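Enquirer: what follows is a predicted protein model with its sequence.
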Amino acid sequence: MSPRTDWVAHLVLCGGVALFLLPLWLLMVGATQDGSAIARGELSFLPDLRNLGIFWEVLTDKGPGGATIWHMLLVSGAMALAIAFGKIVISLLSAYAVTFFRFPLRMVCFWTIFITLMLPVEVRIVPTYAVMANFGLINSFTGLAVPLIASATATLLFRQVFLVVPDEMVEAARMDGAGPLRFLRDILIPLSAANMAALFVIVFVYGWNQYLWPLLVATDPKLDTIVIGIVKMIGGDTVTDWNRVMAAAVLALLPPVLVVLLMQRWFVKGLTEGDK
Amino acid sequence: MATLELHDLRKSFGATAVLHGVDLALNDGEMLVIVGASGCGKSTLLRLIAGLEIPTSGQIILDGRDVAQLDPAERDIAMVFQNYALYPHMSVFDNMAYALKIRGLSRDDIARRVRETADILGLGPLLDRKPRQLSGGQRQRVAMGRAIVREPKLFLFDEPLSNLDAKLRVSMRAEIKRLQRRMGVTSLYVTHDQVEAMTLGDRLLVMHQGVPVQLATPMEVFERPATTYVAGFIGAPAMNLLPAVLCQDGTAADLGRGLIIPFADGKRDGADGRKLTIGIRPEHIAPDPAGMAMQIDLVEPLGSETVLIGRLDDGELLSVKVPGRAPADALIHVSFPAAALHVFDAETGLRLG
Ligand SMILES: Nc1ncnc2c1ncn2[C@@H]1O[C@H](COP(=O)(O)OP(=O)(O)OP(=O)(O)O)[C@@H](O)[C@H]1O
Ligand SMILES: [Mg+2]
């Protein structure tokens, strides 16, 4: 490659980085400034370092619903973790079943799972709400997390991973005396660890960012997620403290970013030391 | 150590019958090699014995017990797969230890047995490596080690050397033979390779379309093939098979073109005019200035010998193996020594006498 095209590529990349970082920078800068100044549109590009305490203040402050941001972060985290773990466990098991076992209506099961790809939560939100209401799960943590767990994507992903496991290896394990559960635990799970890590990252972020479903199913402030909390802070009738909103948004960003950064190292490790 | 008996073992996949009744008895400590064309059911036979497939009918008796309906793990049989089938995420040690762990052996016992096996196979320094950090030959060794460490009643090998390069194959072949002798474990070994088939086994089983056609020592299979199929399958280049008829009261074969060869080993049954197939190995055809003329079409030098492929004057294809280099002339004269003839019935393909 000529040095010239290198230059161009770098320029484009730098442009992209700036494009992505600018809003984040403004968010962090805005958090440290005077709320009314932001409301007037006088947002400075430099942070006011004297106001860094705002983050701590927001974290422990009671929000408009009565729960602290701190509590909302916990709810969001618990929900995202429950969704991520639930999804991985259920998808792993269902993919295991449809890939390795012969049972009646196996392909019917597979296609039924497949079809749910066309029915994300947003599409089936009313019936899902009705089901949750019938179970008395409105305003409960279970009601918040469980409907978001079921999904076909992860099942398909695991199925794809399992399909390339050579038959001979399955047979070798059978001859070694490994039963189905042992095979899953000792062979399949270690083999798909990298995929699981990737899936965990994606699903955690997906769960963390949920808005519509939590809004609908949980009206109790104790179950407010951080996303809901931020929206509530942008009050209709009261004056919005934009600096506080921005500080809360920064705090809301941190956990998913942390998960991505931590798991990315693991994920890359899993890929480069790849066992496949 | 064990004996293995198969009684009328059959297997069909849906409507396709793959094995049409296999009877077989293996002695304790014997190594039996199975050969046959691709698709004749060799792997299927091995998988039935291993318990990876359930037979349609028939018995598999291992050490006096019918195991045909048992799970693979309950049969105490170890198998070495063509593609090794090592667990990629486990170290060599763990690969070998896995079966023992499942059986609930103590840590010390496992470590001792794995180490002993690793020493036998020269895997000692590699125990901490992952399979992907090993060469093909080393992986093959680990696959063997995984089978050996279990001290099974029976070893099954399904073309275990076919992924190795020619040189490694020769040394692994010798090693497998040495190990099998040393451990005295009854073994079944499937291969495509002529040389493996001849050198490795105590006995050789030739299969054809799901039926065993000959079971004998390798030399016997080579010297007295039971059918034209075996005759053509064992030996390289393949035996020449020529049409002929019985003549002179069953004491000679008439190969046409005025060539009548008396049998060196006595009279054959049947009336004169019975249709025969006469087999003669390329290496047994002798140059003879007074013999038939053969036009050479193709020369295949093998180093110490040369294979000449050509036609007799009536167009019959013939291959001849001569020591050393090819003759300078494209036309040679050959004759068939009477003692080297194999006589088969033309219709059934069965050996006569
Ligand atoms: N699971 C199966 N379902 C249907 N047919 C099968 C199955 N397994 C094997 N067969 C058929 O059975 C026949 C014998 O197969 P097998 O694998 O035993 O052959 P093989 O002698 O081992 O051949 P190769 O030397 O190529 O390995 C083949 O025609 C194959 O198509
Ligand atoms: Mg095979």
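Expert: Noted; the coordinates are in hand. Residues are numbered from 1 along each chain as shown, chains lettered A, B, ... in the order given. Ligands and ions are numbered 1, 2, ... in the order given.
Enquirer: quick one: low-confidence ranges for chain B?
Expert: Across chain B, the ranges flagged by pLDDT under 70 are B:1.
Enquirer: ok, 50 please
Expert: Along chain B, the model assigns pLDDT under 50 to no residue.
Enquirer: domain ranges for it?
Expert: B:4-226, B:236-345 (automatic domain parsing).
Enquirer: what of chain A?
Expert: Taken from automatic domain parsing, chain A resolves into A:1-52, A:55-272.
Enquirer: let me have the domains of chain B in a markdown table, extended by mean neighbour count.
Expert: Quick note: C-beta positions are derived from backbone N, CA and C, even for glycine. Formatted as a markdown table, those follow (neighbours: other C-beta atoms under 10 Å in any protein chain shown):
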| stretch | mean neighbour count |
| --- | --- |
| domain B:4-226 | 18 |
| domain B:236-345 | 15 |
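Enquirer: okay, these in TSV with distance to A:E57 next?
Expert: What follows is the domains of chain B, written out as TSV (distance: least, C-beta to C-beta, whole Å):
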stretch	distance to A:E57
domain B:4-226	48
domain B:236-345	87
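Enquirer: among those, which comes closest to ligand 1?
Expert: domain B:4-226 (3.1 Å; C-beta to the nearest ligand atom).
Enquirer: quick check: longest strand of chain B.
Expert: strand B:286-301 (DSSP state E).
Enquirer: identify the residues contacting that strand?
Expert: With contact meaning C-beta atoms under 8 Å, 6 or more residues apart in numbering or on different chains, strand B:286-301 is reached by B:257, B:259, B:306-313, B:318, B:320, B:322, B:325-327, B:330-337.
Enquirer: partners of it in the sheet?
Expert: Looking at strand B:286-301 with DSSP bridges, its partner strands are strand B:305-312 (antiparallel), strand B:331-335 (antiparallel).
Enquirer: output it as CSV, nothing but the C-alphas.
Expert: Provided in CSV are the C-alpha atoms of strand B:286-301 (Å, rounded to 0.1, in the frame of the first residue of the first chain):
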residue,chain,number,x,y,z
ALA,B,286,8.0,-63.8,-17.6
PRO,B,287,9.8,-62.3,-20.6
ASP,B,288,10.1,-65.0,-23.1
PRO,B,289,11.4,-64.6,-26.7
ALA,B,290,9.2,-67.5,-27.8
GLY,B,291,6.1,-66.0,-26.0
MET,B,292,3.2,-63.7,-27.0
ALA,B,293,4.0,-60.3,-28.4
MET,B,294,2.9,-57.3,-26.3
GLN,B,295,2.8,-53.7,-27.4
ILE,B,296,3.8,-51.4,-24.5
ASP,B,297,1.5,-48.4,-24.1
LEU,B,298,2.6,-47.1,-20.8
VAL,B,299,5.7,-47.4,-18.6
GLU,B,300,5.5,-46.7,-14.9
PRO,B,301,9.0,-46.8,-13.3
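Enquirer: how far does it sit from its chain's centre?
Expert: How far strand B:286-301 lies from its chain's middle: 30 Å, per C-alpha atoms, centre = their mean, to the nearest Å.
Enquirer: now do stretch A:44-54
Expert: Counting by C-alpha atoms, centre = their mean, stretch A:44-54 comes out at 29 Å from the chain centroid.
Enquirer: tell me where the model's unsure across chain A.
Expert: Scanning chain A for pLDDT under 50 picks out A:274-276.
Enquirer: what residues does it have near chain B?
Expert: Within reach of chain B by C-beta under 8 Å from any C-beta of the partner chain, chain A has these residues: A:166, A:168-169, A:171-178, A:182, A:186-187, A:190-191, A:275-276.
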